[in-house]
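In: next come a sequence and a model predicted from it.
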Protein chains: 2
Amino acid sequence: LHSWVFHLCPSPVTPTRRHNSRSTSLIQNGSINVVFCKGPSRLSTRSHTCGELCSRHIGEEVTLCGWVQYLRQDLFVILRDFSGLVQVLVPHDESKHELRNTFCGLSVESVLMVKGRVKRRPEGQENKNMPTGEIEVCAESVEVLNTCRTLPFEIKDFVKKSEAMRMQYRYLDLRSPQMQANLRLRSRLVMKMREYLCYQHGFVDVETPTLFKTNSWGIEFLVPSREAGKFYCLPQSPQQFKQLLMVAGLDRYFQLARCYRDEGSKPDRQPEFTQVDIEMSFVEQGGIRALVEGLLQYSWPEEKGFVTTPFPCVTYEQAMQDYGVDKPDTRFGMKVNTLSPRPCPRNTTEYSAHNRALKTHWCRSDTHQEPLPLTSCCLASLLQRPLLGKLRLQCAELLEGHGVRVRDPAVFHFLWVVDFPLFLPKEDAPGQLESAHHPFTAPVPQDVPLLYSEPHKVRGQHYDLVLNGCEVGGGSIRIHNSAQQRYILQNVLKEDVVLLTHLLEALECGAPPHGGIALGLDRLVSIIVGSPSIRDVIAFPKSFRGHDLMSNAPDFVVEEELKPYCISVVWPSVEADLCHPPCCSEH
Amino acid sequence: LHSWVFHLCPSPVTPTRRHNSRSTSLIQNGSINVVFCKGPSRLSTRSHTCGELCSRHIGEEVTLCGWVQYLRQDLFVILRDFSGLVQVLVPHDESKHELRNTFCGLSVESVLMVKGRVKRRPEGQENKNMPTGEIEVCAESVEVLNTCRTLPFEIKDFVKKSEAMRMQYRYLDLRSPQMQANLRLRSRLVMKMREYLCYQHGFVDVETPTLFKTNSWGIEFLVPSREAGKFYCLPQSPQQFKQLLMVAGLDRYFQLARCYRDEGSKPDRQPEFTQVDIEMSFVEQGGIRALVEGLLQYSWPEEKGFVTTPFPCVTYEQAMQDYGVDKPDTRFGMKVNTLSPRPCPRNTTEYSAHNRALKTHWCRSDTHQEPLPLTSCCLASLLQRPLLGKLRLQCAELLEGHGVRVRDPAVFHFLWVVDFPLFLPKEDAPGQLESAHHPFTAPVPQDVPLLYSEPHKVRGQHYDLVLNGCEVGGGSIRIHNSAQQRYILQNVLKEDVVLLTHLLEALECGAPPHGGIALGLDRLVSIIVGSPSIRDVIAFPKSFRGHDLMSNAPDFVVEEELKPYCISVVWPSVEADLCHPPCCSEH
């Protein structure tokens, strides 16, 4: 696994103008001989990868395949493949002028097969910053496997491209060392996770359907069937299936599950995402938490440090009190203090808004131990915990903006948050209750009697996993008693139980106690690689508006295609929508 | 991994009438203590699995969790978990009569936690057919974790259930030893495949989107977007994405990819299925074939024998000539012979249709070496190769029906079929050509000149993998030259290239030579486990008509839910469709 070679290797060439090449027409198919080698060159037409060559290979005849990263007329070519870069020397003896001519005519990003011999670079010409910098390959023959037209942008991390440009030419964007490293790290991480779950804990990898029935209206994509009026939906998670697998006696299930959420107007939505989906029978909260701690410790990329377990654990109540949020970033202190009203000072207006946030010291950090008195007029707004939580984060950003080191970007602080309320007042009807997470979460055992008297006081056996202030996972011990599940659905949540008949029936048929968790893989990987966007760890993400800018999806379909599905398009009237869809630009 | 215990263990109890139990109400949540143990019992409330207990454990105090498989009043209980069965002895001393009462009141499939001590069974009472038959567990306490209502069918492999019943109560059907073994074998198989690809060959596991744009009208599910008239589609395969990953320089990609095909009226359709999707750069046919041979050899379940490599390879032409089909079952001979017309015998009517098929010996097997003369009147119809191929299979079935051993169900015959025609005449317009597989397949190098003169004679660099007469995989070396791809799309296939602009552009940007394959995982596993239906290796399959009979999907949605997607249902008129959808039964 060679991505580190790539990642550690700063480009040995300085940016230049695009090489104005003549395209060569020497495209030869089928004349390549298969060479059998080790690892990533086995079964390939190459004998070695570019990045693996070192002084150990001096004197060897090698066959390399890769892209022209850079060329300096008739002197040398830097050849690149996924593993790194290597310098190819263009021979100068007159007998090889045809070979030299082929090299000269090449455009950047053309694809070559070069045969040659590895030699030590002349003394003084080694490049210590380049993993292959001790050697170069003396070209003996070259075959142009493909040419390259002038690209819309250069394949270099330091070259800034617009997001839309990156998405439209994703296959070029993915050639960058950073994106290559991200995708390879993700692949290694999930492989280690699978090893841990299968080999250390006896989990079974089971695939569940993604054509399901609709459950939560409004955020699930619909898929029309060929029966008029009937639709499948793309599920938000395999929640019901994983519970049914426990009822089926499968004992321990996991899946890297594709999930779907149609969040319509949300700006940074990613309509499909992946979760590490886990469920176990005969387990309690502590068992799941220990499993996940071990999972992350085992699979964590070595170069990103060691994950210490167990993770700290706070209650929801404590998290809200200390941090004003249920997913606190515990890489820094500055906990929110309990406030008490004090007389109002007269000159609050002398502070700018920013300075006030800093200087009133409403929260404490290592350097600000003493809470300053707060005025009663400020207090009214600050009492809102979520606002305090946001201010805490803004404060950290502000300090960092002024050069104060608050959060170490290289550390990973995991935290469990537990004892969430099982129900919350509905936003649009505060007299009614809705599930804080989902209706299958079991109540904390000692709170069960409250279900029948004061359900709003019941805590759920739910746990969230927080990493550096982001929720990267959540799960619960589930209800395995049919009567309790029915009571909660009917009497507490006032839901129509008909849609969940199959689940209630299943709970009557010998359902074992069970629980599980789901980790958001995209978010987890993006935090590990230090990227602000999950789009940097997804090979082909959708745009902010849910579009695939490369292939132009979603796209119009002909009316004929809708007929088998018994649907038709309801076009918005021109008055209601000034921009009639078929005319408006999509990008 | 304990499934073998289950699989090898014939039920030690004879079928009985359903136990008419009184349900016990002793459901206790949250009183379980976590015991930390090894493997599948680690982090669990049990100390051991039922199936792992043996004489090594005699004298040990154990905690077991599982289902009541069988109970014999107050004598003993057979407890079952995923790993197997164990006999639990109900104590008889008067001081324990409460414990005995709990056991007596149990219904079959209730869920128990039993604590007790392992002891050797009294001499003469061992059960040699039961892996745990040397021991029994003397119960010291029992907790009823859940009760079980009267089930719609018994959890035993030998109890026949209707397909609809199995699907409706899939969570019960999956409790059967055979289904448990199938799912566990599948999980192990894919894990070994991943190991081979990642660790032996440097492949990168990359997820590709399933919300894509429509390409092949009529067999892709549509997903309405919130933009009027615009739809995503669920792709048949990640074909374009995997090729784009090669253009992106990823070098070696694989994915266990969920694929979708809406085959509407086909009876045994499975709308979503899984393929082992593989793509490599800088590779030729031989490299891919060797990779797949190694993959199957490495991942093949030990108990299913050893896979010998390399696999034999025949051309399409030879396969059609010898077997009348491009996916021949090579477990038996009886190759189709070249026929020549002979004079017509007068008494053909004395043979019944069946006997004629057998006795005219139109094909040869080990016992039928000499082809019999065929009449010219028969010849006309038999000349059709596909018909001959079907007759060959029917003949094998017929012989097997008469007790002749033709095909060994325990052997696995792999076969590569190569040199397919690149194009075939369109069924509905034989003057035009369509791709035999897909338009991205590269032509065989020496046939390239024919592209421009006699395209119907061009062979493709396509290879099918056949196992016991089933196509379990197919792939090709792809076109990496933009001009060639464009020519084929525009001039040979007469297709609108606008839909594939992104792919053609990508091929202009330094696309490496590449190729790949996709293996149909569901079919492969079903052949390995010897099941006639892929539904036996999918946890939650759809019915013959594409329905989820458990959750009742697809289902009607309220009109309100369609509004955000700017679609409405077109109800078929009552005249056109006597059975109006909302009234007709779905199951």
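Out: Sure thing, it's come through.
In: look up how far residue A:287 lies from the residue nearest in space to the middle of chain A.
Out: Closest residue to the average C-alpha location of chain A: residue A:522 at 1.9 Å, with Cα atoms, centre = their mean. To residue A:287, residue A:522 is 26 Å away according to Cβ to Cβ, to the nearest Å. C-betas here are computed from N, CA, C, even on glycine.
In: quick one: contacts for the residue of the stretch 251-400 of chain A at minimum distance from chain B?
Out: For the stretch 251-400 of chain A and chain B, the shortest gap (Cβ to the nearest Cβ) falls at residue A:287, measuring 3.8 Å. Applying Cβ atoms under 8 Å, 6 or more residues apart in numbering or on different chains, one finds that residue A:287 lies in contact with A:280, A:515, B:34, B:43, B:44, B:45.
In: what's the burial count for the second one?
Out: Same thing as residue A:515. By the measure other Cβ atoms under 10 Å in any protein chain shown, the count of residues near residue A:515 is 27.
In: can you show me the helices along the stretch 51-200 of chain A?
Out: A:97-104, A:163-168, A:170-173, A:177-195 (DSSP state H, counting those that start in this stretch).
In: buried deepest among those helices, which one?
Out: Counting by mean count of other Cβ atoms under 10 Å in any protein chain shown, helix A:170-173 has the highest mean neighbour count of the helices of the stretch 51-200 of chain A, with a mean of 25.
In: and the contacts of that one?
Out: Identification of contacts with helix A:170-173 by Cβ under 8 Å, 6+ apart yields A:151-153, A:155, A:161, A:166-167, A:179, A:539-540, A:550, B:244-245, B:247-248, B:506, B:509.
In: near chain B, which residues of the stretch 301-450 of chain A show up?
Out: Residues of the stretch 301-450 of chain A lying near chain B by Cβ under 8 Å from any Cβ of the partner chain: A:442, A:444, A:445, A:446, A:448.
In: now do 10 Å
Out: Residues of the stretch 301-450 of chain A lying close to chain B (Cβ under 10 Å from any Cβ of the partner chain) are A:442, A:443, A:444, A:445, A:446, A:448.
In: low-confidence ranges in the stretch 301-450 of chain A?
Out: Low-confidence segments of the stretch 301-450 of chain A (pLDDT under 70): A:338-361, A:363-383.
In: for the closest residue to chain B within the stretch 301-450 of chain A, grab the count of nearby residues.
Out: Nearest to chain B, among the residues of the stretch 301-450 of chain A, is residue A:445, at 2.9 Å (Cβ to the nearest Cβ). Neighbourhood size, residue A:445 [other Cβ under 10 Å]: 13.
In: which stretches of the stretch 101-250 of chain A form strands?
Out: A:111-120, A:135-146, A:204-205, A:221-224, A:230-234 (DSSP state E, counting those that start in this stretch).
In: quick revisit: among the contacts of helix A:170-173, which ones are buried?
Out: For the contacts of helix A:170-173, a burial check counting by 16 or more other Cβ atoms under 10 Å in any protein chain shown picks out A:151, A:155, A:161, A:166-167, A:179, A:539-540, A:550, B:244-245, B:247-248, B:506, B:509.
In: any idea which of these is least confident?
Out: For these, the weakest pLDDT value sits at residue A:155, with 81.
In: from residue A:196, how far out is the residue nearest to that residue when sequence neighbours are not counted?
Out: Leaving aside its chain neighbours, residue A:155 sits nearest to residue A:175 (4.6 Å; criterion: Cβ to Cβ, 6 or more residues apart in numbering or on different chains). Distance of residue A:175 to residue A:196, computed by Cβ to Cβ: 32 Å.
In: the more surrounded of the two?
Out: residue A:175 (24 against 19).
In: now do the contacts for the more buried one.
Out: A:67, A:69, A:80, A:82, A:109, A:151, A:155-156, A:169, B:247-250, B:509-510 (Cβ atoms under 10 Å, 6 or more residues apart in numbering or on different chains).
In: for chain A, which helix or strand comes out least confident on mean pLDDT?
Out: helix A:3-8 (a mean of 28; mean pLDDT, DSSP states H and E).
In: follow-up on the earlier one: what about the residue of the stretch 251-400 of chain A closest to chain B, which SS state?
Out: At residue A:287 the chain is in helix, as set by DSSP: H, G, I helix; E, B strand; the rest coil.
In: repeat for residue A:465
Out: Secondary structure assignment for residue A:465 (three-state DSSP): strand.
In: so for it, what's the nearest residue that isn't a sequence neighbour?
Out: residue A:473 (3.6 Å).
In: what of residue A:82?
Out: residue B:251 (4.3 Å).
In: ok, residue A:451 next?
Out: Excluding its sequence neighbours, the residue lying closest to residue A:451 (Cβ to Cβ, 6+ apart) is residue A:458, at 5.6 Å.
In: okay, and for the stretch 1-150 of chain A, where does confidence drop off?
Out: For the stretch 1-150 of chain A, the ranges with pLDDT under 70 are A:1-38, A:73.
In: send me stretch A:459-468 as PDB with only the CA atoms.
Out: Backbone C-alpha positions of stretch A:459-468 (Å, rounded to 0.1, in the frame of the first residue of the first chain) are rendered in PDB as follows:
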ATOM      1  CA  ARG A 459     -34.300   8.400  29.500                       C
ATOM      2  CA  GLY A 460     -33.500   6.200  26.600                       C
ATOM      3  CA  GLN A 461     -30.800   3.600  26.300                       C
ATOM      4  CA  HIS A 462     -29.300   5.600  23.500                       C
ATOM      5  CA  TYR A 463     -25.600   6.500  23.100                       C
ATOM      6  CA  ASP A 464     -24.000   8.900  20.700                       C
ATOM      7  CA  LEU A 465     -20.300   8.700  19.700                       C
ATOM      8  CA  VAL A 466     -18.800  12.200  19.300                       C
ATOM      9  CA  LEU A 467     -15.400  12.900  17.800                       C
ATOM     10  CA  ASN A 468     -13.900  16.400  18.000                       C
END
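In: what's the residue nearest to residue A:82 sitting at in phi/psi?
Out: Residue B:251 adopts backbone torsions of phi 80, psi -60, taken as degrees, to the nearest 10.
In: for burial, what's the neighbour tally of it?
Out: The burial count for residue B:251: 30, using other Cβ under 10 Å.
In: ok, it - contacts?
Out: Counting by Cβ under 10 Å, 6+ apart, residue B:251 has contacts A:2, A:40-41, A:44, A:46, A:49, A:65-66, A:81-83, A:180, A:184, B:202-204, B:245, B:279-283, B:512, B:514.
In: what about it, distance to residue A:66?
Out: 10 Å.
In: so what sits against both of those two?
Out: A:46, A:49, A:81, A:82, A:83, B:281, B:282, B:512.
In: quick one: which two of those are the most distant?
Out: Spatially, the most separated pair among the shared contacts of residue B:251 and residue A:66 is A:83 and B:512, at 13.9 Å (Cβ to Cβ).
In: looking at those two, which one has more neighbours?
Out: Using other Cβ under 10 Å as the criterion, residue A:83 and residue B:512 rank with residue A:83 on top: 27 against 24.
In: residues making contact with stretch A:483-493?
Out: By Cβ under 10 Å, 6+ apart, stretch A:483-493 touches A:422-423, A:426, A:432-435, A:439-443, A:448, A:451-452, A:455-456, A:458, A:478-479, A:481, A:495-497, A:499-500, A:503-504, A:506-508, A:511, B:25, B:27, B:29.
In: tell me the mean pLDDT for that stretch?
Out: The model assigns stretch A:483-493 a mean pLDDT of 97.
In: coming back round to it: how much space is there between the residue nearest to the centre of chain A and chain B?
Out: Counting by Cβ to the nearest Cβ, to the nearest Å, the gap from residue A:522 to chain B is 9 Å.
In: for that residue, identify the helix or strand it belongs to.
Out: helix A:521-528 (DSSP states H and E).
In: quick check: mean pLDDT of that helix?
Out: 97.
In: follow-up on the earlier one: and the residue nearest to residue A:451, what are its phi and psi?
Out: Here residue A:458 shows phi and psi, under degrees, to the nearest 10, equal to phi -70, psi 130.
In: ok, it - how many residues close by?
Out: Neighbour count for residue A:458, taken as other Cβ under 10 Å: 23.
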